[in-house]
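Student: Need the 3D shape of this:
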Amino acid sequence: MQADWPLPQARSAVVSRGLRLSLCEWGEVSSAGLVLIGAHGFLDCAEFFAPLAGALRERCADLAFVAMSFAGHGRSAWADAYGWYDHTADLLAVTRAVTARAAGEAIVGLVGHSFGAVQVLQALSFEPGLADFAVNLDAVSPPFSVGGDGLPEVLAHVAEHGGDARQLPTYGDLDAMVERRAASNPRLTLPLLRWLVPHLAREQDGRYLWLVDPALVGWVRPWDLTGSPPVDPLKLTAALPHPVLTVTGAAPDHPQVRGHYPGDAAIDSLPGSRHCRLANAGHYVHLECPDEVSAAILGHAPRGVGVRRA
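Tutor: Next up, the predicted model:
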């Protein structure tokens, strides 16, 4: 695997809920016939789409890929609190802003990985006219939720550790951060992690910290405190009018990054959807197999003129 994935050709920003959300752009949105908008996984950032954006543009020159960093991630602003639908609202705001710059006849697709994929499905359930199709990269089980019975324990934990909510450990160098990330993502190669980690890190007083808002990190997800219901991506997929491509990895991976796999039959039976199963990939299908994923996306994208958006 190479280690020279393309840096974004442009960086821009969209303001949502008073927060500045950072975007990475590969290709020219205003002239592309196919515009893809990427939503990354939990605790990742927009640059995680660089290998896939590069592979897509090698196959299709008439394509622009714009990836967002959710609030609290990457170069985006931190929020006072994080609810499930707050992230959905931000994805909708980014999608509206990007599609407003696209040509009227452009095909628009939303591409999400893991947490971002469920947010893609959630966003399109609210505003189906924003895109022509969707791509779900290995998000086939509901996000973890403590449920009502576990909430008292969660609140006690927050009360005990609330004063340290925005503190994370520091590291002496980037290699130490690469080692830490490799423990959670054992299938990702060291060259790839060495490329990604600088986009996840910041330097402070000669030490290195993660860019992610510490309020997002912990044994409970922030939206467990907001009362947001658990979301089943397969049910969302079945309810959408869009053609949805679901790409899954069949290889073993760290159990905490993927969740419960419902089986191929449950995915294959979804109406109007297509399932691409990659034998040699784990949870990060777009990082492990960008060529195969790019081919699947371009094979799935509708042909002709996209739905003209207001």
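
Student: Tell me the secondary structure at residue 44.
Tutor: coil (DSSP: H, G, I helix; E, B strand; the rest coil).

Student: Surely it touches residue 73?
Tutor: Yes - applying C-beta atoms under 8 Å, one finds residue 44 in contact with residue 73, separated by 6.8 Å. Where you see a C-beta, it was placed from the backbone N, CA and C, and this is true even at glycine.

Student: for the stretch 51-200 of the chain, what spans make up the strands?
Tutor: For the stretch 51-200 of the chain, the strands defined by DSSP state E, counting those that start in this stretch cover 63-68, 107-113, 133-137.

Student: okay, those in CSV with mean pLDDT, mean neighbour count and distance to residue 94 next?
Tutor: Formatted as CSV, those follow (pLDDT from 0 to 100; neighbours: other C-beta atoms under 10 Å; distance: least, C-beta to C-beta, whole Å):
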stretch, mean pLDDT, mean neighbour count, distance to residue 94
strand 63-68, 98, 28, 5
strand 107-113, 98, 26, 10
strand 133-137, 98, 27, 15
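
Student: and the ones you listed as TSV, adding distance to residue 22?
Tutor: Below are the strands of the stretch 51-200 of the chain laid out as TSV (distance: least, C-beta to C-beta, whole Å):
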stretch	distance to residue 22
strand 63-68	7
strand 107-113	17
strand 133-137	20
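
Student: and residue 27, which of these is closest to it?
Tutor: Nearest to residue 27, of all the strands of the stretch 51-200 of the chain, is strand 63-68, at 3.4 Å by C-beta to C-beta.

Student: packing partners for that closest one?
Tutor: Here strand 63-68 touches strand 19-26, strand 34-39, helix 50-59, helix 84-101, going by 3 or more C-beta pairs under 8 Å, 6 or more residues apart in numbering; DSSP states H and E.

Student: Specify which residue of residue 44 and residue 73 has the higher count of neighbours.
Tutor: Using other C-beta atoms under 10 Å, the more surrounded residue of residue 44 and residue 73 is residue 73, with 29 against 26.

Student: Mind pulling up the pLDDT for that one?
Tutor: Predicted confidence (pLDDT) for residue 73: 97.

Student: The residue lying closest to it once chain neighbours are set aside and residue 105, how far apart?
Tutor: Nearest residue to residue 73, sequence neighbours excluded (C-beta to C-beta, 6 or more residues apart in numbering): residue 45, at 5.1 Å. For residue 45, the distance to residue 105 (C-beta to C-beta, to the nearest Å) stands at 31 Å.

Student: out of these two, which sits in the more crowded spot?
Tutor: residue 45 (23 against 11).

Student: residues touching that one, list them.
Tutor: Neighbouring residues of residue 45 by C-beta atoms under 8 Å, 6 or more residues apart in numbering: 69, 73, 74, 75, 199, 200, 211.

Student: Which of those has the largest number of neighbours?
Tutor: residue 73 (29 neighbours).

Student: ok, now which ones touch that residue?
Tutor: Counting by C-beta under 8 Å, 6+ apart, residue 73 makes contact with 40, 43, 44, 45, 211, 212, 213, 216.

Student: ok, the last one - how many residues close by?
Tutor: Here the count is done by other C-beta under 10 Å, and residue 216 has 19 residues near it.

Student: ok, for it, nearest residue in space, not its chain neighbours?
Tutor: Spatial nearest neighbour of residue 216, excluding adjacent residues (C-beta to C-beta, 6+ apart): residue 72 at 4.9 Å.

Student: What backbone torsions are found at residue 245?
Tutor: Per-residue torsions, residue 245: phi -100, psi 120 (degrees, to the nearest 10).

Student: All further residue positions should be reported with the first residue as 285.
Tutor: With the count now opening at 285, the last piece we talked about shows up as residue 529.

Student: Spatially nearest residue to it (excluding sequence neighbours)?
Tutor: Spatial nearest neighbour of residue 529, chain neighbours left out: residue 584 (4.1 Å); criterion: C-beta to C-beta, 6+ apart.

Student: What separation do you get for that neighbour and residue 305?
Tutor: Counting by C-beta to C-beta, the gap from residue 584 to residue 305 is 27 Å.

Student: With residue 465 instead?
Tutor: Counting by C-beta to C-beta, the gap from residue 465 to residue 305 is 23 Å.

Student: Looking at those two, which one has more neighbours?
Tutor: More crowded of residue 465 and residue 305, by other C-beta under 10 Å: residue 305, with 25 against 19.

Student: Surely the more buried one is in contact with residue 363?
Tutor: No - counting by C-beta under 8 Å, residue 305 does not reach residue 363; the two are 10.4 Å apart.

Student: Overlap in contacts, these two.
Tutor: Counting by C-beta under 8 Å, 6+ apart, the common neighbours of residue 305 and residue 363 are residue 355.

Student: winner for burial among the helices and strands packed on strand 347-352?
Tutor: Highest mean neighbour count among the helices and strands packed on strand 347-352 (mean count of other C-beta atoms under 10 Å): strand 318-323, with a mean of 27.
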